[in-house]
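1. Predicted coordinates and the sequence they were generated for:
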Amino acid sequence: MTLRAMMLYGTVVIDAWLVAGLGEEALAAMGVAAAIGGLLLGILLAFSNATQILVAQSYGTGRAETLKTALICGLWINLGAAVLGLICVGIFAGPVIDSSAHTPWIASEARHYLIAFSVVVLAEAVAQSVSAHLNGCGETRQPFYSYVVAVPVNIIVSVIFIYGYAGMPEMGVTGAAIGSAVSAIVRAGYLVRYIKRSTDFRLEGTGWTRRTIWQPLRRHLAFSLPVAATFISATFSNSVCTLIYARMDVNDFAAMTLINPWVQVAGTVGMSWAQATGIMVAQHLGRGVRDEGLDDFMRQAWIGAIAAAGAVALFYFGICAASSYIYDDLQPQTRAALWSFLPILLILPFPKGSNAICGNTLRAAGETVYVMHIFVWSQWLFRVPATAIMVLWLDLPVAWVFALALGEELVKFPSFHLRIRKGKWKQGSIPQ
């Protein structure tokens, strides 16, 4: 799961690395478009995580028809969310891009990137649904293998279209989006082919969990909405913050555009550990495991979370130390901004990883509304307004703005850990 998630966010890192050679303005254009495209992918990831929980609980009970129902319902919901999201982008994205871009060229390139990226959204609607089903069943290898196949495709196609090799047109920033689109189609095709040929996940179960597909579809959507709202809020608030970052100096914004994908990539070590913990908690609850059995499992999970946080902190140090080699074309101001992030990066993984363990455990036990409130209020009452104040009014150094990511985790910390210590979640179960 960790390697798969790293490759998912690595797509953005690859695009940034390839586009960096075109200059800071090209990076800014990609950053503006990626903020909007990331919101759409966040919505799909939201519903897929809800599906993952339902599949894990169904897998624990061993009921074949619930596995098939969860997959089909999750796929329909993801496709519907993708289409609706693209319609909204077509209506509202233009004014947002125009207000955020420093120059007309940046706005134009951001629009072209986003048009090509819409193919990624549709392909990922399918791929994320199938990945969620496989993860919930404990088969985490195939979603990873799908990226092993797709990432080289992304690199090759992106290079060809960015720089106009092999007789193709030189498309600059848009070429990176075309590479991502082709690789997303390849990944979705790989996963669909695998699950159609597999006989290991009991998709041959007859009927649905109710008389028709519409009843479980409504139940699936009702369960998914609090989970989805949590992820959508996080993605939307991050996108809003990114659009605010676009009002900073170009060098500072370029530094934020470069470091945020690395934060996501390395952070997947702790996030994937937490998601795996949530999946196993859901499976244990489905099997009827309670109290002492869950306590033993959670002690081991927290030891792993601390180790993962330490590894992530070391990785961040390595990225900052190697920034002059990875991005050798950057201006000195941009490189200095990257170094200023290091003290925050060394602390951030520890509270973030512990909060993730709490959130995924509570969500797996059915306390999705409580988790949603913690995320929503910490984002919209703290991080977003603080970002706007620091950037738009106080014009503080970029390191102060970046430190708000750590501040948000510290705000969430007490509510999560007090809830876990009460222990009521151990008696929870997921609706079937």
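-> Yes, it's here. The model shown is predicted, which means the values in this text are computed figures rather than measured ones. Numbering: from 1, shown residues only.
2. neighbouring contacts of stretch 306-315?
-> Stretch 306-315 is touched from outside by 266-267, 269-270, 273, 345-350, 352-354, with contacts defined as C-beta atoms under 8 Å, 6 or more residues apart in numbering. Heads up, the C-betas are built off the backbone N, CA and C, glycines and all.
3. Output the lowest mean pLDDT helix or strand found in this structure.
-> Here the helix or strand of the chain ranked lowest by mean pLDDT, DSSP states H and E is helix 2-20, holding a mean of 74.
4. so how far is it off the chain centroid?
-> 12 Å (C-alpha atoms, centre = their mean, to the nearest Å).
5. Could you identify the helix or strand that succeeds it?
-> helix 24-61 (DSSP states H and E).
6. tell me what that following helix is packed against?
-> Counting contacts by 3 or more C-beta pairs under 8 Å, 6 or more residues apart in numbering; DSSP states H and E, helix 24-61 is packed against helix 2-20, helix 64-100, helix 104-136, helix 173-197, helix 214-245, helix 250-287, helix 349-364.
7. Next, format those as JSON lines and append mean neighbour count and distance to Trp425.
-> Formatted as JSON lines, the helices and strands packed on helix 24-61 follow (neighbours: other C-beta atoms under 10 Å; distance: least, C-beta to C-beta, whole Å):
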{"stretch": "helix 2-20", "mean neighbour count": "21", "distance to Trp425": "24"}
{"stretch": "helix 64-100", "mean neighbour count": "19", "distance to Trp425": "22"}
{"stretch": "helix 104-136", "mean neighbour count": "23", "distance to Trp425": "19"}
{"stretch": "helix 173-197", "mean neighbour count": "22", "distance to Trp425": "31"}
{"stretch": "helix 214-245", "mean neighbour count": "19", "distance to Trp425": "15"}
{"stretch": "helix 250-287", "mean neighbour count": "23", "distance to Trp425": "8"}
{"stretch": "helix 349-364", "mean neighbour count": "25", "distance to Trp425": "5"}
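8. Can you check which of these gets nearest to Leu392?
-> With C-beta to C-beta as the criterion, Leu392 lies closest to helix 214-245 of the helices and strands packed on helix 24-61, at 6.8 Å.
9. Show me what that closest one is packed against.
-> helix 24-61, helix 64-100, helix 250-287, helix 349-364, helix 368-378, helix 384-388.
10. picking up where we left off before, which neighbouring elements make contact with the least confident helix or strand of the chain?
-> Secondary elements touching helix 2-20 (3+ C-beta pairs under 8 Å, 6+ apart): helix 24-61, helix 141-163, helix 173-197, helix 250-287.
11. closest one to Met6 among those?
-> helix 250-287 (5.0 Å).
12. need the next SSE after that closest one, C-terminal direction.
-> helix 292-321.
13. Which SSE is immediately downstream of that following helix?
-> Helix 292-321 is succeeded, C-terminally, by helix 323-326 (DSSP H and E).
14. Below-threshold pLDDT in this protein: ranges please.
-> Under the criterion pLDDT under 70, the flagged ranges of the chain are 9-13, 199-211, 428-432.
15. tell me the contacts of the residue nearest to Arg187 when sequence neighbours are not counted?
-> The shortest distance from Arg187 to any non-neighbouring residue, by C-beta to C-beta, 6 or more residues apart in numbering, is to Ala150 (4.0 Å). Residues counted as contacts of Ala150 (C-beta under 8 Å, 6+ apart) are Met7, Ser183, Ala184, Val186, Arg187, Tyr190.
16. what's the answer for Leu41, then?
-> Counted by C-beta under 8 Å, 6+ apart, Leu41 has contacts Val120, Val121, Glu124, Thr235.
17. Repeat that for His220.
-> His220 sits next to Ala50, Thr51, Leu54, Thr69, Ala70, Cys73, Gly74, Ile77 when contact means C-beta under 8 Å, 6+ apart.
18. what does Leu191 give?
-> Counted by C-beta under 8 Å, 6+ apart, Leu191 has contacts Val126, Ala127, Val130, Ser131, Leu134, Gln142, Pro143, Ser146.
19. Not counting sequence-adjacent ones, nearest residue to it?
-> Once flanking residues are discounted, Leu191 sits nearest to Val130: 4.2 Å by C-beta to C-beta, 6+ apart.
20. separation between that neighbour and Leu79?
-> Here the criterion is C-beta to C-beta, to the nearest Å. By it, Val130 lies 12 Å from Leu79.
21. cool, and Asp329?
-> Taking C-beta to C-beta, one finds Asp329 at 40 Å from Leu79.
22. Please name the nearest non-neighbouring residue to Trp76.
-> In space, and not counting its chain neighbours, Trp76 is closest to Leu217: 6.5 Å by C-beta to C-beta, 6+ apart.
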